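*Asks:* Kindly return the folded structure for what I paste below:
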Amino acid sequence: MRVCSTEKISIKMWLEDIEEGAMSQLRNLANLPFAFKHIAVMPDCHQGYGMPIGGVLATKGMIIPNAVGVDIGCGVCAMRSNLEGLDRETLRKILGQVKAAIPVGFNHHKTAQSESSMPGKQFERGAICEREYRLATFQIGTLGGGNHFIEVQKGSDGVVWVMVHSGSRNLGKQVADHYNKIAIRLNEKARSSVPKEYELAFLAEASDEGEAYILEMRYCVEFAFRSRKLMMDRIAECFLRNCDCSFEPVINIAHNYARREHHFGKDVWVHRKGATSAKKGEIGIIPGSQGTKSYIVQGKGSPESFESCSHGAGRKMGRKQAQRSLDLGEEIRKMDEQGILHGIRSVSALDEAPGAYKDIVEVIRQQADLAEVLVELSPLGVVKG
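*Replies:* This next block holds a predicted model:
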């Protein structure tokens, strides 16, 4: 761990190199008047909007929509099977059925899904979640785009696993954008000392607006989990059509949210933006990129990281940069040599190629004091958004 002590509070970093854009954002966080104790930076850190991906911020009495992000509740589910192997043709058939059952990218279901799949309507009249509820019934159980994926993997424990990375779709974005705009307006009205260019507009937790955001944020976190669970159920159905197998209950971990927690003797709001909870003994998931290993881990409960660890490998180049600079043939070759069924066919897909991401083995090494690896997972087949 490296420590930067040049700002109002220190910045503790579990990585050896960091881009200047992300470092500038971390300095902004460390100078917030309500930031608590220190800023924790995970080894997958890279620049985001307002707050870097891979950052952990604790605050006193305030909550920051942009420190959660627009994909509220985005996270990963993993599910262990009793299958000791899967031949390539059966895997290809399963993946084809998964693609038919689960819309990806901007696509939604053609019909509304059962309301039993949705969280209960625990939001106030006039809430964004109420406004977006009907549309959300068409989006639950869909993958989305960007870095979201479905992956079939072989574990170091000798069996096949399934993993899903997805978020809250348009619901989370609408909630995030709405409350960030409110926070900006209120901060300007109150002549906040936090510069607008920081993109860290905040809400008091005890205000009407803060309480409303917290309620809707929690709803989005639950929606995102239920969406992953619905996808997992449908993936399991695809397996059962082709294999005699069973699955254990899903492991779920979110990595974009804020939660009230107790640290260093104080109750604070811990914002994890591209970071996951890693309490002592807590089971978590750290995925790599397609073409690299992923990990089932157990948290060590490090107080210095606010009991957190990384949420993945982390990007080492932006999407456009990856499309410009990576070699399509080389990226395809690396995955084909491993026998992975994948969807990289064109330059436009290079933004999600393994070469666009940090070395996951190094990311895991840098946080050995935060989480212990339980199972290593190697990709067999990938469905991308």
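*Asks:* Show the contacting residues for the nearest residue to Tyr295 once chain neighbours are set aside.
*Replies:* Excluding the flanking residues, the one nearest Tyr295 by CB to CB, 6 or more residues apart in numbering is Ile286, at 4.6 Å. C-beta: built from backbone N, CA, C; applies to glycine. Shown in contact with Ile286 (CB atoms under 8 Å, 6 or more residues apart in numbering): Thr276, Ser294, Tyr295, Val297, Cys309, Ser310, His311, Gly312, Ile360, Val363, Ile364, Ala371.
*Asks:* Out of those, which sit inside helices?
*Replies:* Ile360, Val363, Ile364 (DSSP state H).
*Asks:* so can I have a markdown table of those residues showing distance to Arg185 and pLDDT?
*Replies:* Shown next, in a markdown table, are those (distance: CB to CB, whole Å; pLDDT from 0 to 100):
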| residue | distance to Arg185 | pLDDT |
| --- | --- | --- |
| Ile360 | 41 | 96 |
| Val363 | 38 | 96 |
| Ile364 | 42 | 98 |
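*Asks:* which of those lies closest to Val270?
*Replies:* Closest to Val270 out of these is Val363 (20.9 Å), distances taken as CB to CB.
*Asks:* residues near the closest one, how many?
*Replies:* 25 (other CB atoms under 10 Å).
*Asks:* Would you mind confirming that Arg169 makes contact with Gly141?
*Replies:* No: using CB atoms under 8 Å as the test, Arg169 is too far from Gly141 to be in contact (9.9 Å).
*Asks:* tell me which of the ones in helices among the contacts of Ile286 is nearest to Ile344?
*Replies:* Ile360 (17.5 Å).
*Asks:* Next up, the contacts around that closest one.
*Replies:* Taking CB under 8 Å, 6+ apart, one finds Ile286, Gly288, Ser289, Thr292, Lys293, Ser294, Tyr295, Gly312, Ala313 in contact with Ile360.
*Asks:* and the two most separated of these?
*Replies:* Largest separation among the contacts of Ile360 by CB to CB: Ser289 and Tyr295, giving 12.7 Å.
*Asks:* In the longest helix anywhere in the chain, which residues are buried?
*Replies:* The helix that spans the most residues within the chain, counting by DSSP H, is helix 208-242. For helix 208-242, the neighbour count (16 or more other CB atoms under 10 Å) marks 210, 212-214, 216-232, 235-236, 238-239 as buried.
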